[in-house]
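Engineer: Model the structure of this input:
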Amino acid sequence: MSSIASYSYLVAALAFLVLCVMLMTRWRSRTHATSVTIAAVASLFWSAALAWQADQGDLPAWSAWTDSFEVLRNGAWSAFLIVLIGSYRDPDSRLPLKLQGWVLAIFSFYVLFFLGTVAGVWHLTSLSETGLMPSVTARVALAVLGIVLVEQLYRNKSLQERWAVKFACLGIGAMYAYDFYLFSNTMLFHQVDPDIWAARGVINALTVPLVAMSIARSASWSSELALSRRVMFHTAALFGSAIYLLAMGSAGYYLRFVGGSWGTVMQVAFLFGALVLLVVILFSGTFRSWLKVFISKHFYRYNYDYREEWLRFTRTLSESGPGLGVRTIQAVGELVESPGGVLFIRRDSGLYEPQSYWHVPVENISEPADSPFCQFLESKQWVVDLNEYAERPELYDDMPLPAWLTRFARRSLVVPLIMQGKLFGFMLLMRPRSPVALNWEVIDLLKIAGNQAASYLAQQDAATALMVARQFESFNRMSTFVVHDLKNLVSQLSLLIPNAEKHRNNPEFQRDMLDTVTHSVQKMKLLLQKLSRSESPVHMAPLAIDKVLIQAVALKAAFEPHPVLELLDAGMKVLADRERLERVLGHLIQNAIEATPKDGKVAISLRRRDDNVLITIADTGEGMSEEFIRERLFKPFESTKSAGMGIGVFESQEYISELGGKIELVSEVGAGTTFYVSLPLHQHQAQTLDIAV
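Structural biologist: Take a look at the predicted model:
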């Protein structure tokens with residue numbers, strides 16, 4: 001196996017040698033060529049030393065100088081990653097070389113580890129010695145540190161910069177990942193696996209082409225760093241978890257070492273409990289809130305990444321579906337790590353009542369709009385810190401607080417929702433999971449968020465009111481048509497009364513009167529069904545238009561002048577609802593009769609024109625002006641008749657257009673009016689008639 005390891009590390013040495021030659025000749029002017037060259041040279045000496053050591057046959061024994069090359073190689077690649085990340089210096093820093101604190105901490109760790117290795121403190125002369133675990137644990141820590149640096153480098157680059165550094169991240173990350181696997185395996189089994197050790201050289205050699213490809217793209221490398229809070233949060237959680245696991249692993253090893261026959265059981269139980277505890281901590285909302293607040297407080301000038309916060313805030317409020325009130329509380333509450341709250345909205349009664357609750361028990365409470373509390377929120381537009389109010393009420397003009405606030409034990413903040421200078425509502429937020437300092441930045445952000453939330457809530461209220469108004473409009477429109485039909489029916493029935501005195505003994509009149517009353521009753525029943533919304537769905541069917549027209553004219557036979565029907569083409573059919581089409585044609589005939597004196601004429605004709613049915617309704621009545629036809633005739637609630645509603649012609653045009661037809665007219669004041677109603681001929685019948693012709 002020693003010969004295999006020797007060849008493996010020799011291959012790695014040759015690969016790094018080629019990379020060094022390329023860096024010193026062809027790529028010597030590339031960006032950061034010096035730092036990557038140092039790392040490549042350190043890797044060359046490291047792999048060559050291990051190849052020589054394996055050839056001597058004392059693998060896996062470690063010596064002080066091979067350990068030193070190990071530290072130098074890791075440190076050189078870590079330094080290269082730090083240079084690529086950038087922003088490792090701070091002009092205001094008091095540390096040596098103006099270094100950032102985290103950079104100095106990494107540098108100090110490597111220096112101490114290198115000195116300890118040279119001095120033999122970390123040197124492993126025998127795998128069976130108790131000094132194995134601290135040395136291997138330190139190497140696992142180096143691998144974790146390298147992986148964290150690779151993650152920070154890739155996360156904080158733009159898309160163009162990621163294109164340039166992604167292969168370097170893959171190559172260097174693979175080196176550190178394999179080291180982590182090797183030394184973790186060593187920690188677990190307390191000995192170096194010869195196969196994993198032998199493959200390490202080839203693995204490192206395979207990463208060289210990836211680094212070379214990235215160097216070829218080095219013109220797009222950048223040293224600028226924009227470390228977002230999200231990246232910092234995940235990095236801190238990852239790094240903390242790694243340190244925790246290393247500490248627990250070391251403690252587990254100690255338990256096994258001193259536990260005797262119970263050592264293995266104690267170690268397994270302890271490590272399982274430690275892992276469960278880590279999972280509980282990572283999924284704890286309180287811990288996550290504390291970590292976010294800690295990072296914002298100690299690593300950034302401002303408390304918030306406003307771009308991320310506003311995108312999250314807007315995305316939460318803009319989600320489709322119900323529950324806008326709960327989403328509003330959640331969006332505002334997350335700005336201060338609040339776990340719950342209540343949203344109050346002003347009602348038409350003049351009371352601010354709860355609209356939504358989020359992780360808070362439901363309470364039957366309300367607050368008058370003219371109360372001192374609401375007046376203060378509207379006039380001052382301040383965020384009320386209830387904890388501060390309890391200590392110093394004079395800061396809030398000794399404003400009396402509502403009694404219902406005492407029902408919420410974890411009350412913390414009251415955020416006003418201002419809309420156009422008026423108090424649209426307010427929000428009660430519960431105590432944050434982690435203490436948040438309410439400075440000017442937090443208060444201003446809560447004010448802006450409250451105003452934005454108020455606009456979303458007002459828009460929802462307006463949309464709801466508009467929907468209700470449209471429903472009422474639809475119902476009122478239907479009611480208008482129904483009333484118009486009732487007016488026509490009343491006119492028909494009222495005409496029977498004076499004629500009954502003259503023709504009560506006439507059998508024909510009695511039959512016509514009975515038919516008219518029966519038809520009117522049927523019509524009224526249909527109208528009542530419409531008003532009660534129990535009307536069955538309208539079914540379109542082919543109708544014999546001549547029969548519909550005969551029925552419509554027959555219902556108007558009692559009026560004077562009597563309408564005259566002429567059927568020039570019979571047997572034609574149209575696709576429509578019989579009851580509604582008959583009502584529409586009846587409206588037009590009724591209007592013609594009412595506009596014509598008793599000695600005048602009303603003539604109705606039916607004929608075919610191309611693929612359409614043409615109904616003509618002509619009268620010799622008063623006529624209409626062009627201005628009236630253009631501006632008033634087809635508009636609802638416009639009429640020249642004193643008792644008219646102005647809805648009949650409007651309904652007629654709407655339904656005829658719905659059937660695919662149209663209404664045209666010719667009118668002259670004092671000479672009369674002619675309506676032309678055109679309806680498409682039923683398609684099947686149109687084809688049949690064309691064939692017959």
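Engineer: Only C-alpha atoms from now on, for both contacts and neighbour counts.
Structural biologist: OK.
Engineer: Where in the protein is the helix or strand with the lowest mean pLDDT?
Structural biologist: In the chain, the helix or strand scored least confidently by mean pLDDT, DSSP states H and E is helix 683-692, which has a mean of 52.
Engineer: Once you drop chain neighbours, what's closest to Leu575?
Structural biologist: Leaving aside its chain neighbours, Leu575 sits nearest to Pro542 (4.4 Å; criterion: Cα to Cα, 6 or more residues apart in numbering).
Engineer: Assign that neighbour to helix, strand or coil.
Structural biologist: Using DSSP: H, G, I helix; E, B strand; the rest coil, the structure places Pro542 in strand.
Engineer: per-residue confidence for it?
Structural biologist: What the model reports as pLDDT for Pro542 is 90.
Engineer: since we're on Thr34, how many residues are nearby?
Structural biologist: Thr34: 15 surrounding residues under other Cα atoms under 10 Å.
Engineer: surely the residue nearest to Leu575 meets Met572?
Structural biologist: No. Counting by Cα atoms under 8 Å, Pro542 stays clear of Met572, with 9.5 Å between them.
Engineer: can I assume Asp546 sits in a helix?
Structural biologist: Yes. Assignment of Asp546 by three-state DSSP places it within a helix.
Engineer: nearest residue to it other than its sequence neighbours?
Structural biologist: With Cα to Cα, 6+ apart as the criterion, Asp546 has its nearest non-adjacent residue at 6.2 Å, and that residue is Ala570.
Engineer: returning to what we had before: overlap of the contact sets of Pro542 and Met572?
Structural biologist: Listed as contacting both Pro542 and Met572 by Cα atoms under 8 Å, 6 or more residues apart in numbering are His682.
Engineer: more crowded one of the two?
Structural biologist: Using other Cα under 10 Å as the criterion, Pro542 and Met572 rank with Met572 on top: 21 against 17.
Engineer: ok, which stretches of this protein are strands?
Structural biologist: 341-346, 351-358, 367-368, 384-385, 411-419, 422-430, 541-544, 564-567, 573-576, 602-609, 612-619, 662-668, 672-680 (DSSP state E).
Engineer: how about those in TSV, adding distance to Phe313?
Structural biologist: TSV is the format used below for these (distance: least, Cα to Cα, whole Å):
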stretch	distance to Phe313
strand 341-346	16
strand 351-358	16
strand 367-368	27
strand 384-385	21
strand 411-419	15
strand 422-430	16
strand 541-544	54
strand 564-567	70
strand 573-576	52
strand 602-609	63
strand 612-619	59
strand 662-668	52
strand 672-680	55
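Engineer: Of all those strands, which one is nearest Gly323?
Structural biologist: Nearest to Gly323, of all those, is strand 351-358, at 8.2 Å by Cα to Cα.
Engineer: Now do the closest one and strand 422-430, the angle between them.
Structural biologist: Counting by axes from the mean of the first three to the mean of the last three Cα atoms, to 10 degrees, strand 351-358 lies at 40 degrees to strand 422-430.
Engineer: on that earlier part again, which one of the strands of the chain lies closest to Arg327?
Structural biologist: That would be strand 351-358 among those, by Cα to Cα, at 8.6 Å.
Engineer: by contact count, what packs against that closest one?
Structural biologist: helix 324-333, strand 341-346, strand 367-368 (3 or more Cα pairs under 8 Å, 6 or more residues apart in numbering; DSSP states H and E).
Engineer: State the number of residues packed around Pro400.
Structural biologist: If you count neighbours by other Cα under 10 Å, Pro400 ends up with 12.
Engineer: For Asp398, give me phi and psi.
Structural biologist: Main-chain torsions, Asp398, degrees, to the nearest 10: phi 50, psi 40.
Engineer: What's the local residue count around it?
Structural biologist: 10.
Engineer: and if you look at the one 4 residues further on?
Structural biologist: By other Cα under 10 Å, 14 other residues sit near Pro402.
Engineer: what do you get for Glu363?
Structural biologist: Considering only other Cα under 10 Å, Glu363 is surrounded by 12 other residues.
Engineer: same question, Ala552
Structural biologist: 20.
Engineer: closest one to Glu631 among the strands of the chain?
Structural biologist: strand 662-668 (14.3 Å).
Engineer: angle of that closest one against strand 612-619?
Structural biologist: Angle, strand 662-668 to strand 612-619, by the same axes, to 10 degrees: 30 degrees.
Engineer: Which strands and helices lie in contact with strand 662-668?
Structural biologist: Using 3+ Cα pairs under 8 Å, 6+ apart, strand 662-668 sits against helix 648-658, strand 672-680.
Engineer: Please report how far the spatially most central residue of the chain lies from Ala603.
Structural biologist: With distances taken as Cα atoms, centre = their mean, the residue of the chain nearest its centroid is Glu319 (4.0 Å). For Glu319, the distance to Ala603 equals 61 Å [Cα to Cα, to the nearest Å].
Engineer: Right, I'll call it a day here.
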